[in-house]
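Undergrad: Give me the fold of what follows.
(chains A, B, C and D)
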Number of protein chains: 2
Amino acid sequence: MNEKTIPDIVIGRLPRYLQALEHMLQQGCTVTSSKELGEKIGISAAQIRKDLSQYGEFGKQGKGYSVPFLVHKLQQILKVDRIWDMALIGAGNLGRAIANYQGFTDHGFRVALIFDSDPHKVGQVINQIPVLHTSTMIETIQSHHIKIAMITVPAQVAQSVTNQLIQAGVKAILNYARSTLSVPDDVHVQYVDPIIHLQRMTYYLD
Amino acid sequence: MNEKTIPDIVIGRLPRYLQALEHMLQQGCTVTSSKELGEKIGISAAQIRKDLSQYGEFGKQGKGYSVPFLVHKLQQILKVDRIWDMALIGAGNLGRAIANYQGFTDHGFRVALIFDSDPHKVGQVINQIPVLHTSTMIETIQSHHIKIAMITVPAQVAQSVTNQLIQAGVKAILNYARSTLSVPDDVHVQYVDPIIHLQRMTYYLD
DNA sequence: ATATGTGAAATCTTTCACAGCG
DNA sequence: CGCTGTGAAAGATTTCACATAT
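TA: So this is what the prediction gives:
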């Protein structure tokens, strides 16, 4: 059932399945169906079955899916069956909130390095991690073999930070800055911008 | 060119156009083309033209688009040509970072009310806004006619907070909690979940 | 009886390509 | 000439519906 690239739109739904399934698991629910899962997250049962079938036959006809098994499979597929170290660039209000967020650790992500260009912030310790100066960023990220970075710097410096991250070998960037980043094809970017989310909703308001 | 519902996927791109155009405006750029804009944000020129043409003929053939005019039109379309008051529920690390974020004000959004259920947080003042107890939430939001809320509470209470927000007349929710919210059809939800964004990228890493 | 996995059909979205205007 | 606006074509995604397995 494999060996044909799976559309990115499918990949985008897998973490939502995983989240809902992990939640079910916590509730002690061990079996579910595409219908039940779909109702929980607002996606059609057929869609869920088709998405999952891209990776194998995970269900049992007449019975449904084993929740622990499906969680395990999705973790493998999404490569979150391991620990990912991340770098955080920008130790402002948002950066500090992110560094203190416990949810990362619970899901296999770890803020391993924090950088800022402000000498007043360098040396501070946030959630047991010392803030380093950005001048040491490229070599430090390289030597730690870090592939994921989160950017919480002002928009006007986001692209130059990004360029350095790419030089350092980073392949995935979670960008909290209000700016579109230009990156090579093998680098992935996801944007977290509350303004964009809000504007998408105000459209529908009176 | 109107009177047929425009797909949500189109709406989702409009804020990105607006962001890029506002950025151009700041740079003093007054005219652009679908090609130039597309290259900046990684969307095809044809797509941009088609999206914009849903709302009118904003460009001039042979010339391109007036940046200030297009910004104005997009602000109207997205209904961000006004001030939107918002309620923030949850005054933890993330809630405080959000309350202090200056970007909202710059784009017509204002954190008007902050709520928390922790008596130690109630009475604190964040960015000049006092934290109120959630017991007064429904009536306070109602009396302020607030239609937009941001949720930064723990996942396990997010749905019950949501139910209260709906009772209070809120029609748009930006959910920072790791949970899927169940809402009526006339209420819009957008999710901000770093774990989901990260998992979407680890898929592509080695 | 129940729920999966899946081709085929229906629907939605994007791209093409060009007429038409400045 | 250069670039928009747009039908028509191509492509992608979702839904349908049912054979199949427990």
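Undergrad: Endpoints of stretch A:188-201, how far apart?
TA: Its start and end residues considered, stretch A:188-201 measures 26 Å (C-alpha to C-alpha, to the nearest Å).
Undergrad: Sorry, slip of the keys, the one I care about is stretch A:23-40.
TA: Stretch A:23-40: ends 11 Å apart by C-alpha to C-alpha.
Undergrad: Repeat that for stretch A:29-47.
TA: 22 Å.
Undergrad: Stretch A:181-190 too?
TA: End to end - C-alpha to C-alpha - stretch A:181-190 spans 10 Å.
Undergrad: So that stretch, near chain B or not?
TA: Yes. For stretch A:181-190, a contact with chain B is found by C-beta under 8 Å from any C-beta of the partner chain, at A:H188, A:Q190. C-betas here are computed from N, CA, C, even on glycine.
Undergrad: for the residue in chain A sticking out farthest from the centre, helix, strand, or coil?
TA: Note on chain A: the largest C-alpha distance from the chain mean falls to A:G62, namely 34.0 Å (C-alpha atoms, centre = their mean). Three-state call for A:G62 (DSSP: H, G, I helix; E, B strand; the rest coil): coil.
Undergrad: Nearest the geometric middle of chain A, what residue?
TA: Central residue of chain A (C-alpha atoms, centre = their mean): A:L174, at 7.2 Å.
Undergrad: phi, psi of the residue farthest from the centre of chain A?
TA: With angles defined as degrees, to the nearest 10, A:G62 sits at phi 80, psi -20.
Undergrad: Which helix runs longest in chain A?
TA: helix A:8-26 (DSSP state H).
Undergrad: buried set for that helix?
TA: For helix A:8-26, the buried set under the neighbour-count rule, 16 or more other C-beta atoms under 10 Å in any protein chain shown, comprises A:11, A:13-24.
Undergrad: ok, the residue nearest to the centre of chain A touching B:P194?
TA: Yes. Contact criterion C-beta atoms under 8 Å: A:L174 and B:P194 qualify, at 6.1 Å.
Undergrad: Now do the shared contacts for those two.
TA: A:M150, A:V192 (C-beta atoms under 8 Å, 6 or more residues apart in numbering or on different chains).
Undergrad: does A:E39 sit in a helix or strand, and which one?
TA: helix A:34-41 (DSSP states H and E).
Undergrad: what does the helix or strand just after that helix contact?
TA: Moving toward the C-terminus from helix A:34-41, the next helix or strand (DSSP H and E) is helix A:45-53. Applying C-beta under 8 Å, 6+ apart, the contact partners of helix A:45-53 are A:1, A:10, A:13-14, A:17, A:33-35, A:37-38, A:58-59, A:65, A:70.
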